[in-house]
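Peer 1: Need a 3D model of the following:
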Amino acid sequence: MKQTEQMSSAQAIIECLKIEGIQKVFCVPGESYLPVMDAIYDEPSIKLISTRHEGGASFMAEGFAKASGQPGVVMATRGVGGSNLAIGVHTAYQDSTPMIVLLGQVDSRFRGREGFQEVDLDRFFAPIAKWTVEIQEAKRVPEIVQRALRIAQTGRPGPVVISLPEDLLKKSAAMEFGKPVDRPSPCPSLREVQGTEKLLLKAKRPLVIAGGGVKNAGAEKTLVQFAEKFSLPVMAAFRRHDVFPNNHSLYAGHLGLGTNPEILKTVKEADAIIAIGTRLSEVTTQDYSLIRNDQTLIHIDIDTNTLGKVYAPDIGIVADAKEGLTALMEMKLPVVFEEWGKAGREAYQALLKPEKEESVNKKIIALLQKHLPKDAILTNDAGNFAGWLHAYYQFNQKNTYIGPTSGAMGYGMPAALGAKLAWPNRTVVSLSGDGGFMMTMQELETAVRYQIPVISIVFNNRMYGTIRMHQEIHFPYKTIGTDLGSVPFYKIAQGFGALGIYVREPEEFEQALLQVLKEGKPAVIEVESDPEQISLTSTIEQLRQNGKNNN
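Peer 2: Okay, the predicted model is just below:
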């Protein structure tokens with residue numbers, strides 16, 4: 001039976017969030033939606049996190065959603081605030097993260113007159129959101145907000161943007177509320193299971209590529225059971241490292257930026273690909289070049305639009321990842337893939353062997369592996385520094401990694417704040433380069449103000465390193481726009497009231513890490529990085545010489 005109450009539109013919005021179990025809302029305050037903030041003040045079950053920039057707020061909401069499994073909720077005012085948080089909306093869209101974006105809008109009487117900060121918000125966000133809408137009538141607030149919550153969480157999850165005219169929020173009506181979202185979990189048909197079985201009976205070297213859909217479905221354990229039953233090697237799609245235990249004998253590596261050729265060789269040698277909960281993105285498929293027409297493709301995804309978007313599957317199954325894997329467990333396959341599974345694992349493990357001279361960054365990753373709790377959550381920004389994390393850190397438990405498949409700079413630290421708010425009893429560490437960290441470092445003040453003890457590691461080489469790498473590849477010796485000034489991040493952190501420590505060597509880093517783990521305060525460890533070591537595999541001089549030789 002539906003609940004009906006007389007209340008304002010702003011109160012109805014918060015009631016919808018309460019019904020859904022939302023406990024955190026992120027924002028930069030704005031006068032256009034003050035009634036919504038006031039309604040949060042009167043609702044003890046929901047906490048408002050006021051941030052320093054809308055981009056930071058949207059990254060926090062996105063990181064919170066990834067960590068908690070609940071929709072992230074972020075608010076901003078009109079066109080200016082909405083524009084600032086658009087980066088987080090785009091990240092949520094590409095990362096399939098459920099998000100509700102509440103944007104104050106100009107008074108309905110002024111729409112279309114280019115009023116103060118007016119932007120047609122639903123049209124502005126349409127290309128990067130799953131659904132956009134502007135609410136026109138007070139009595140329809142519960143209908144539209146609860147529909148938004150359903151759209152954000154079902155099928156392929158994503159962001160929904162709701163535009164709220166300023167005058168609407170004060171209007172009252174008899175509000176009628178429905179129940180919280182019950183997410184559908186579609187299953188494969190018997191015909192699809194039998195068809196998959198028929199294809200795999202012909203395969204000699206099948207490989208699983210697992211993506212975010214497995215995480216969204218909570219199917220990590222089921223994926224392990226499925227892989228073990230049929231001795232199938234498993235690879236993680238781009239920045240979905242924790243989808244399968246990295247220390248498992250069937251884990252064969254991560255498909256991302258700069259993936260080692262030996263891991264790519266495993267994919268090329270496979271004669272059947274079972275893609276589960278992945279859209280087979282540009283990065284995962286190495287510029288759409290990794291999967292060939294002569295390989296059998298079995299693609300399982302909850303979104304029908306994902307199937308065949310890039311690669312036409314031999315069998316495309318619209319299914320929840322957990323339900324899909326459970327159904328496929330009923331296949332009658334002879335277990336003949338053990339040697340193939342071992343080969344994939346050996347290719348991955350060979351890359352983890354100690355080297356004669358290991359880089360500072362690799363040693364730092366080893367120290368994180370040594371000292372962080374097994375359930376620690378790691379987030380990362382965009383940048384070449386992440387190559388060492390992706391290559392060497394072992395994510396052995398589910399829900400321990402959060403990264404932007406959108407490649408957004410400035411993501412790491414705000415996302416870590418969101419993750420820590422979702423899991424206050426777990427250690428949360430962000431990794432950033434100096435370029436990305438500078439974009440959202442003001443959120444350190446948010447961390448201090450709300451006492452959110454995240455650890456931020458900043459690799460400082462005083463350049464936009466990833467862009468410099470491409471610059472040296474394509475235009476060697478012609479450096480322009482990529483050099484940055486010297487910024488004492490650790491001192492700025494201290495100024496905010498956080499711990500700030502500067503280190504040059506792995507031994508100093510280890511001492512700093514142990515200190516911040518013990519003190520339990522927001523902290524920044526700034527790592528002096530060698531600008532010459534531009535990536536995991538190359539120096540700037542090597543790139544220049546390669547460019548010279550190629551010319």
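
Peer 1: can we go C-alpha only for contacts and neighbour counts from here?
Peer 2: Fine.

Peer 1: From Ala419, how far off is the spatially closest residue to Met439 that is not a sequence neighbour?
Peer 2: Of all residues not flanking Met439 in the chain, Gly410 sits nearest, at 5.1 Å (Cα to Cα, 6 or more residues apart in numbering). Using Cα to Cα, to the nearest Å, we find Gly410 at a distance of 15 Å from Ala419.

Peer 1: now swap in Phe244 and tell me
Peer 2: For Phe244, the distance to Ala419 - Cα to Cα - is 20 Å.

Peer 1: which intervals of this protein have sub-threshold pLDDT?
Peer 2: Within the chain, the ranges that satisfy pLDDT under 70 run 1-3, 116, 356, 547-551.

Peer 1: For Ile452, grab the count of nearby residues.
Peer 2: 22 (other Cα atoms under 10 Å).

Peer 1: wait, isn't it in contact with Lys420?
Peer 2: Yes: counting by Cα atoms under 8 Å, Ile452 does reach Lys420; the two are 6.9 Å apart.

Peer 1: Could you pull out the helices in the stretch 51-200 of the chain for me?
Peer 2: Counting by DSSP state H, counting those that start in this stretch, the stretch 51-200 of the chain has helices at residues 54-68, 78-95, 121-125, 141-153, 190-202.

Peer 1: and among those, the most buried is which?
Peer 2: Neighbour counts (mean count of other Cα atoms under 10 Å) averaged over each of those peak at helix 54-68, with a mean of 30.

Peer 1: Show me what that helix packs onto, helices and strands only.
Peer 2: strand 24-27, strand 72-77, helix 78-95, strand 99-105, strand 401-402, helix 412-422 (3 or more Cα pairs under 8 Å, 6 or more residues apart in numbering; DSSP states H and E).

Peer 1: Show me which of Gly410 and Ala419 is the more surrounded one.
Peer 2: Using other Cα under 10 Å, the more surrounded residue of Gly410 and Ala419 is Ala419, with 31 against 25.

Peer 1: just checking, that one touches Gln70?
Peer 2: No: contact criterion Cα under 8 Å: Ala419 and Gln70 do not qualify, at 11.5 Å.

Peer 1: Mind listing the shared neighbours of these two?
Peer 2: Phe64 (Cα atoms under 8 Å, 6 or more residues apart in numbering).

Peer 1: ok, now how distant is Asp320 from Gly485?
Peer 2: 48 Å.

Peer 1: for Ser249, same thing?
Peer 2: 45 Å.

Peer 1: Those two: who's more crowded?
Peer 2: Taking other Cα under 10 Å, Ser249 and Gly485 do not tie; Ser249 has more neighbours (17 against 9).

Peer 1: what's next to stretch 481-492, contact-wise?
Peer 2: Outside stretch 481-492, the residues that reach it (Cα under 8 Å, 6+ apart) are 435, 462-465, 467-468, 499-502, 524-526.

Peer 1: In helices only, show me these.
Peer 2: 435, 465, 467-468 (DSSP state H).

Peer 1: Quick one, which of those are buried?
Peer 2: Using 16 or more other Cα atoms under 10 Å as the burial test, the ones in helices among the contacts of stretch 481-492 include 435, 465, 468 as buried.

Peer 1: Is it correct that Leu328 is in contact with Gly195?
Peer 2: No: using Cα under 8 Å, Leu328 is not in contact with Gly195, being 10.5 Å away.

Peer 1: List the residues that contact the residue lying closest to Gly308 once chain neighbours are set aside.
Peer 2: Excluding the flanking residues, the one nearest Gly308 by Cα to Cα, 6+ apart is Gly316, at 7.7 Å. Counting by Cα under 8 Å, 6+ apart, Gly316 makes contact with 298-301, 307-308.

Peer 1: same thing but at 10 Å, please
Peer 2: 188, 192, 196, 275, 297-301, 304, 306-308 (Cα atoms under 10 Å, 6 or more residues apart in numbering).

Peer 1: Let's verify Gly481: helix, strand, or coil?
Peer 2: coil (DSSP: H, G, I helix; E, B strand; the rest coil).

Peer 1: now it: how far from Ala422?
Peer 2: In terms of Cα to Cα, Gly481 sits 38 Å off from Ala422.

Peer 1: Equivalent analysis for Val36, please.
Peer 2: For Val36, the distance to Ala422 - Cα to Cα - is 22 Å.

Peer 1: got it, and Leu513?
Peer 2: From Leu513 to Ala422 the distance is 22 Å (Cα to Cα).
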